[in-house]
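Novice: What follows is a predicted protein model with its sequence.
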Amino acid sequence: MSKLFGFLAVAVLLSAVVAGCGGKLEDTYVQTTLRDAARGDVVSPSFKYSFDTPTIIGSANNVALVRDGNIIEFFVGDGIAEKTGQLAGKRFVVHARKYFTPYIHFVVDYLVAGADTIQVGEIATQLPNTRSAAQFTAPEEYETIDIVKLTPSLPDLRGIADKKFKVAGAGISWEQVGDRWSYSLNLKNVRFFIDESNDAMLAIMNAIMNEGKTFEGGVQYTSTPTSLPREYRERFRSGGNVKVGYILYGGNAVLISM
């Protein structure tokens, strides 16, 4: 992921004894900051590091985003969102391994909080593609439209059917609308439900929401809510579903497919 502000810390070796199934597993991790681990300023022969109470800015299922000043990286692990959520407000240590493909990220082995050890472990996860936002140009099919004029009116919504378009300055929220919980992309006069299943992209949207930032990117309009009554659409400003194509975040363009 991209890099945003940061601080330096002195690295020390930590011999971590963690409880595992059927006994004890002893391993040596290098205790350091995310900045030093990500940039390679502190060397671990086995690429194993520990982080003291890292700042998790967003998470979803098996992916968490960790910030150290201007450094943001993906941390991957089985159920990591739920497991770190249980430690909210507590001091804990993350034991993780540094991976280099498709780019630098960390696979979490254990979370240690006092005398409690939570095993995390690997799980198959699709990380999105990233490239420098400064070198990214949105594909031509992503149109620039006047999103201020979009409303829950069906004629307005039919006018963007299946279109890909750019969005800037939109809020993201996680909320219940009617009988549905979803991430929503909130424009001035209409909201769109975000149709996304990739954990990393969801974690980014969660981070945008948690840090009070706005969505900058491109979406495709995928469904017009023709079955919803006008009263419902107007009450909830409901405009149907969109699929995220790319997000401009932390100096990068982050995308699953284009």
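Specialist: All right, it came through fine. Everything quoted here is computed from the prediction, not taken from an experiment.

Novice: show me the biggest strand of this structure in terms of residues.
Specialist: Of all the elements of type strand in the chain, the one with the most residues (DSSP state E) is strand 164-177.

Novice: same for it, what does it pack against?
Specialist: Packing partners of strand 164-177 (3 or more C-beta pairs under 8 Å, 6 or more residues apart in numbering; DSSP states H and E): strand 142-143, strand 180-186, strand 191-194, helix 199-210, strand 215-223. All C-beta atoms are positioned from the backbone trio N, CA, C, and that covers glycine.

Novice: Any idea which of the ones you listed gets closest to residue 160?
Specialist: strand 215-223 (4.8 Å; C-beta to C-beta).

Novice: For whichever helix or strand comes after the closest one, list the C-alpha coordinates in CSV.
Specialist: Later in the chain than strand 215-223, the nearest helix or strand by DSSP states H and E is helix 230-236. Extracted C-alpha coordinates of helix 230-236, given in CSV (Å, rounded to 0.1, in the frame of the first residue of the first chain):
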residue,chain,number,x,y,z
ARG,A,230,-41.3,5.9,-5.1
GLU,A,231,-42.0,6.7,-1.4
TYR,A,232,-39.3,4.2,-0.3
ARG,A,233,-36.8,5.6,-2.8
GLU,A,234,-37.4,9.1,-1.8
ARG,A,235,-37.5,8.4,2.0
PHE,A,236,-34.1,6.6,1.9
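
Novice: who's in contact with helix 230-236?
Specialist: 152, 154, 177-178, 191, 225, 238-239 (C-beta atoms under 8 Å, 6 or more residues apart in numbering).

Novice: Apply 7 Å and report the result again.
Specialist: Contact with helix 230-236 is made by 152, 177-178, 225, 238, as judged by C-beta atoms under 7 Å, 6 or more residues apart in numbering.
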